[in-house]
Every structure is written in C-alpha cells, then in structure tokens.
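Student: Below: sequence and its predicted model.
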2 protein chains.
Amino acid sequence: MSQLTDRQKQIVDATLDIIATIGIQNLTIRKLAEKVGVTEGAIYRHYPSKDEILVSVAGYFKSESTVILQQIIDSEGSSVHKIKMFFLGRCRQFKDNHALALVLFSDDIFKGSGRVQAEISATIHSHGRLLVKIITEGQDSGTIRANIVAEHMFMMIMGALRLLVTRWRAADFGFDLLGEGEKLWASIEALVTPS
Amino acid sequence: MSQLTDRQKQIVDATLDIIATIGIQNLTIRKLAEKVGVTEGAIYRHYPSKDEILVSVAGYFKSESTVILQQIIDSEGSSVHKIKMFFLGRCRQFKDNHALALVLFSDDIFKGSGRVQAEISATIHSHGRLLVKIITEGQDSGTIRANIVAEHMFMMIMGALRLLVTRWRAADFGFDLLGEGEKLWASIEALVTPS
DNA sequence: GTCTATAGATCGATAGAC
DNA sequence: GTCTATCGATCTATAGAC
C-alpha cells in the first residue's frame, strides 16, 4: 500500500488493462512487460512477484472505492440524497476509469490469491454495511419506504447498478453510463420512496 | 449440444467443480484428469481440446438455464407469480447445483474463448427479454406498478438475486439459499406491486 | 479407451553484464 | 534500472504400446 513509484503505477495500470481486455487467466509477466514497454526481467525490479502486483491492484481498488464513501459521510443531505450521490458517483468513477468497474464487480479476479481476495471482500462488505445503515436512517426519518428490509433494498439498488455496469462493459462502453445511471436511479427512487 | 457420453459428462462436471473451487485460471488438463480419475492423455480421447470442453460446459449451462424459462411460458399464473417462479426456481437450481450459479453469474469465466462467451451472453440476453416482457404484461394488467420502466425493474430483481447468490458462494454455501431467497422475494414483491 | 512417455510452447522468476 | 539469456516448472497436446 502507501505510495507507488511511477513505474509501479504504470505496471498496475497495465495489469488492470490486460485483465479488462483479455481476462486474468491471460495475464502474464511477458504481456505486462510488453505493455509497459520494458523486458520481463525489469518488471521484477519493481515487484518481487506476480502476486505482489495483484496485491498492489487490490490496494489501488480499495483507495479509489473509498473516496465516495467519505464524501457521503461528510455530506449533509437526506438519506435518499446520500444514496443517490453514491450511485451516480460510482457511475462517474467507472466512466473515468473503466478498469475500476472490472475490479469492483468481478468476483473471481483474485481467486487463488486468498489474501487479496479476503481484503477486497472485507472492503466491499464494510461499504455495504454503511449503505444499509443510511437506508435504515432514511426509513426511520420517513424518506424511504419502511415496510421493506433495508438489506434487501440495498441488494436491489446495488444489484441493479452492477447489472447496468456489466451491460456497459459488454457493450464495449458504447453508451453513456452516467446518463443511463441517472435514468435507472429515477426508477429506483420512485420505487423506494413512500408513495 | 446434443448428447454427451458418460465420460464427457464426468469431464464437464469435474470442470465445473474445479472452476468453482480454484477458479478458471487454475483449470488444467492435469487437474481435470486427476479429478476424473484417468490420465491426461485419456482426456483427449473424449475431447479434442481444452477449449472444446469449455464449449461443452457452455452447452450444459444453456440447457439447464432454459428449463425454468419453459416452465414459466407454459404456466398459467399472473405475471408476478411467473417472476416469482423464476426467482425461486433459480434458487432451487443453484441449491442443487452449486457450479451452475458460478457459470450463470461469472462474467469472466469464458473470457478469451470468444465463441463461448458470445453464445452465453446471447442466452442470458434472450432470457432477460422474456422476463421484461412478462413484467410489461403485469404492468398492463395492473398487477405490477406501472410508473416504473420495466427494464429497470428487471435489473433490480435480477441484480438482487445475483447479489444474494454471490454472498451465498462467498459464505461457502453456508446458509439456506432458498429460505433467504423467499425472504428477499417477499421484499421485492412488496416493492413492485401497487400499494 | 487407457496407459506411459514425451514433444513443444510458455510460464514465473533469476543471473549477470552494462 | 534495463538489458540478454536462461533455468526449472508446468502447460496443452500427441505418439505409440497394450
């Protein structure tokens, strides 16, 4: 974690790019070196092993994904507004950083390297708990329908976002994710707010 | 497609099992042969290549996932009942066949073998269109809230199911998927039916 | 249809010159 | 810090005996 050198940042970016385009099962040091523009041996001057590169990728994911959470905690709006901020904020992040969508929504990328897997799922889990808490607060204050399990509401909202992003990736990023995200959010808000 | 020999079925089952446990990036002919109980050379008597085994896996997925769709088409219930049948039917299928959940909900399993990837996503897409059509019919007949885009409603329902299954897998199948699915469905039904 | 044995390619990682 | 060169392991796939 902490700070990466310029080369390390290049390597992490190249790794994400390769995973996004040809899948983790085709991620090799050779292809990585080729994309960075150095030889295979040079890669090992910056990382001791391939696994350690994936650890770095996971760290990058963690810091990026936490940014929006902090903005929400500091925000003053209603519960619905906070969740909307998260929802559209993620769309904006993915639009600016396609590879991030991949890391956040692929369950099997880090399978095999157990340590990385555990860290990522812990992060996702803690973020989820925060959002469920916000939903519960909204239910208590009457801005969100109260006769539904908050956890289930969270699953529908995040699940829909994930499906949207999955389609966006399948379409080779060929539509406006933020625009479609706003439309989808309008439907979600209509469903979860009291009528 | 068509019929598999007993050995081919064994190989497909073993493939799914390996993918489910240690990930596709660790799927090798050696591990496959070991699990089936024969040597590596023997595998190639039943399949010409590793890729062709994955094609078989995809075919198996396709036939399994279509079963419930046909039941729904033939059913006589309301739109809400049909979607519930699909939702809980999938839970039941996954409970009986853990590996199926993996194939249905992993975007990156078949990345790299473009032909398989295309076939699977086409199947998922056509199933989705059928469910959206059922939702639209429900909206027209008044059993489903009509002021929401049907496509978005579909995304929330399927997204929630996916998230539930993802958690079930992460928990090593350690809770009752069908029971939790029924609770989740109750929340979904409360949200999507007119109040 | 299964075995042993092996070819040929590619993988992660290292050594040593510069 | 990058290069060339290479090691040892492992991969997919094949050949030939039984």
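Tutor: Structure received.

Student: Not counting sequence-adjacent ones, nearest residue to residue A:77?
Tutor: residue A:85 (7.2 Å; C-beta to C-beta, 6 or more residues apart in numbering or on different chains). From N, CA and C alone the C-beta is placed, and that goes for glycine too.

Student: do you know how far the one you found is from residue A:76?
Tutor: Going from residue A:85 to residue A:76 by C-beta to C-beta, to the nearest Å gives 11 Å.

Student: Could you say which helix or strand holds the closest residue to DNA strand D within chain A?
Tutor: Closest to DNA strand D within chain A is residue A:41: 3.0 Å, counting by C-beta to the nearest atom of the strand. Per DSSP states H and E, residue A:41 falls inside helix A:40-43.

Student: Residues of chain A that sit close to DNA strand D?
Tutor: Residues of chain A lying close to DNA strand D by C-beta under 7 Å from any atom of the strand are A:5, A:7, A:38, A:39, A:40, A:41, A:42, A:45, A:46.

Student: Count the neighbours of the third one for me.
Tutor: Here the number of neighbours of residue A:38 (other C-beta atoms under 10 Å in any protein chain shown) works out to 16.

Student: most neighbours, which of the residues of chain A next to DNA strand D?
Tutor: residue A:46 (19 neighbours).

Student: Okay, now the unreliable bits of chain A?
Tutor: For chain A, the stretches with pLDDT under 70 are A:1-2, A:108, A:112-114.

Student: Longest helix in it, please.
Tutor: In chain A, taking DSSP state H as the definition, the longest helix is helix A:114-141.

Student: who has more neighbours, residue A:85 and residue A:76?
Tutor: Taking neighbours as other C-beta under 10 Å, residue A:85 and residue A:76 compare with residue A:85 leading, 15 against 6.

Student: Name the residues of chain A found near DNA strand C, please.
Tutor: Neighbours of DNA strand C within chain A, by C-beta under 7 Å from any atom of the strand: A:27, A:28, A:29, A:30, A:31, A:40, A:41, A:44, A:48, A:49, A:50, A:51.

Student: Of those, select the buried ones using a ChimeraX command.
Tutor: To isolate the buried members of the residues of chain A next to DNA strand C in ChimeraX, using 16 or more other C-beta atoms under 10 Å in any protein chain shown:
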select /A:27,29,31
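
Student: In helices, which of the residues of chain A next to DNA strand C appear?
Tutor: Going by DSSP H, the helices hold A:29, A:30, A:31, A:40, A:41, A:50, A:51 from these.

Student: Next up, the contacts around the first one.
Tutor: In this structure, residue A:29 makes contact with A:40, A:43, A:50, judged by C-beta atoms under 8 Å, 6 or more residues apart in numbering or on different chains.

Student: Just put those in TSV and tack on distance to residue A:17.
Tutor: Listed next are the contacts of residue A:29 as TSV, based on distance: C-beta to C-beta, whole Å:
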residue	distance to residue A:17
A:40	17
A:43	15
A:50	16
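
Student: what's the closest of those residues to chain B?
Tutor: Using C-beta to the nearest C-beta, the shortest approach to chain B within the contacts of residue A:29 belongs to residue A:50, at 11.5 Å.

Student: Quick check: chain neighbours aside, which residue is closest to the closest one?
Tutor: Excluding the flanking residues, the one nearest residue A:50 by C-beta to C-beta, 6+ apart is residue A:29, at 6.1 Å.

Student: And that neighbour, how far from residue A:9?
Tutor: Computed as C-beta to C-beta, the residue A:29 to residue A:9 distance reads 17 Å.

Student: what's the answer for residue A:57, then?
Tutor: Going from residue A:57 to residue A:9 by C-beta to C-beta gives 11 Å.

Student: Same check on residue A:193?
Tutor: The value you get for residue A:193 to residue A:9, if C-beta to C-beta is used, is 42 Å.

Student: Equivalent analysis for residue A:95, please.
Tutor: 21 Å.

Student: Great, nothing more from me.
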